[in-house]
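Participant: need coordinates for the following:
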Amino acid sequence: MKELTQEELNERVAILRRFRTLLEQQRGKFREYLTVLEKQQDSISNENTEALLAHTELEQQVVKNLMNLQKVIVPMRQMYHSAAPSEEQDKEIYALQDELSSLQERVLAQNKINRDLLRVHLGQIKMQLAGLKNPYRNLTSVYAQKQPVSQMVEVEA
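Facilitator: Okay, here's the model as predicted:
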């Protein structure tokens, strides 16, 4: 086995710390996203459209942050695997990655529940709209009444 110099060891430690920090940030974002989705489910059930709109905007921000974080994590994961051989991999990293994958599954499940609830709610709204009747449908407008109009004009000189 090859001896590591202090510089290589410091580099590996720095990569490990940064990778762990990024994974912890991602875990926090997933937890935040899951909380938003759960509150969004309550808003859908209570038919609170203003809260639903606010949750949707917050959800978009969280997803954007997650995507930006993922762009950094992918290359960092590659650096981590190239710097630390598989025998030396940290158990904490595996635990974080396992927790992240379980959080992802929970987020996807909650997202599916919300989509199904919204689909049902939209169906109900469409049925209500179809059931509405316009009371003025067959009535002519007050402004469209036909007035007798003369067709001949008498001109005397």
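Participant: below-threshold pLDDT in this protein: ranges please.
Facilitator: 1-2, 4, 84-90, 142, 144-145, 157 (pLDDT under 70).
Participant: show me the strands in it, by range?
Facilitator: Remark: no strands are assigned in the chain by DSSP state E.
Participant: residue 73 and residue 24 touch, don't they?
Facilitator: No: Residue 73 lies out of contact with residue 24 (Cβ atoms under 8 Å); the separation is 11.0 Å. The C-beta positions use only the backbone N, C-alpha and C, and glycine is treated the same way.
Participant: compare these two (neighbour count), which wins?
Facilitator: residue 73 (18 against 14; other Cβ atoms under 10 Å).
Participant: now the closest residue to the more buried one other than its chain neighbours: how far from residue 102?
Facilitator: Closest residue to residue 73 apart from its sequence neighbours, by Cβ to Cβ, 6 or more residues apart in numbering: residue 22 at 5.1 Å. Distance of residue 22 to residue 102, given as Cβ to Cβ, to the nearest Å: 18 Å.
Participant: hmm, residue 99 is touching residue 24, no?
Facilitator: No: contact criterion Cβ under 8 Å: residue 99 and residue 24 do not qualify, at 9.8 Å.
Participant: before we move on, back to that, residue 22 and residue 102: which has the busier surroundings?
Facilitator: Counted by other Cβ under 10 Å, residue 22 and residue 102 do not tie: residue 22 has more neighbours, with 18 against 11.
Participant: dump the residue contacts of the more buried one.
Facilitator: By Cβ atoms under 8 Å, 6 or more residues apart in numbering, the contact set of residue 22 is 69, 72, 73, 76.
Participant: residue 77 now?
Facilitator: By Cβ under 8 Å, 6+ apart, the residues touching residue 77 are residue 19.
Participant: the contacts of residue 22, buried ones only, as a PyMOL selection?
Facilitator: Only the buried entries of these go into this PyMOL selection, using 16 or more other Cβ atoms under 10 Å:
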select buried, resi 69+73+76
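Participant: quick check, nearest of the contacts of residue 22 to residue 57?
Facilitator: Among those, residue 69 lies closest to residue 57 (Cβ to Cβ), at 19.1 Å.
Participant: perfect, I'm done here.
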